[in-house]
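[1] I need the structure of the sequence given here:
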Amino acid sequence: MPEHELVRLTSASTGPEAEMIAALLDNAGIRCLVQRSAAFDVPDFLAGGPRELLVRARDHAAAAALVESHFGLH
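    Take a look at the predicted model:
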């Protein structure tokens, strides 16, 4: 797998939860893409609905350890 390819890190129940995880990763220098889950890609949901968090393959191990240590998510 190419090191720049995006891979799924975790999911979050809401937009604000996803942004908290993304901010934690950003503070550690790990860039993250937050996107709405396919079934919830409707603007009417605003901050509601689940989100998927993606990171570069090369950052996955470090990001997973960081998220697990702070949020217990995987």
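[2] Now do the helices in this structure.
    Listed in chain order, the helices of the chain (DSSP state H) span 15-27, 60-71.
[3] which strands and helices sit next to the last one?
    Just to be clear, that refers to helix 60-71. Helix 60-71 sits against strand 6-12, helix 15-27, with contacts defined as 3 or more Cβ pairs under 8 Å, 6 or more residues apart in numbering; DSSP states H and E. C-beta: built from backbone N, CA, C; applies to glycine.
[4] tell me the angle of the shortest one relative to helix 15-27?
    Computed with axes from the mean of the first three to the mean of the last three Cα atoms, to 10 degrees, the direction of strand 6-12 lies at 130 degrees from that of helix 15-27.
[5] circling back: for residue 53, which of the helices and strands packed on helix 60-71 is the nearest?
    Smallest distance to residue 53 across the helices and strands packed on helix 60-71 (Cβ to Cβ): 4.7 Å, for strand 6-12.
[6] on contacts alone, who are the packing partners of that closest one?
    With 3+ Cβ pairs under 8 Å, 6+ apart as the test, strand 6-12 has helix 15-27, strand 32-36, strand 51-56, helix 60-71 packed against it.
[7] for the residue nearest the centre of the chain, which residues make a bridge with it?
    Centroid-nearest residue in the chain, with Cα atoms, centre = their mean: residue 53, separated by 2.1 Å. Counting by DSSP bridges, residue 53 is bridged to residue 10, residue 34.
[8] circling back to that earlier point, how about the helices and strands packed on strand 6-12, which one is nearest residue 5?
    Checking those against residue 5 by Cβ to Cβ gives strand 51-56 as the closest, at 7.1 Å.
[9] All good on my end, thank you.
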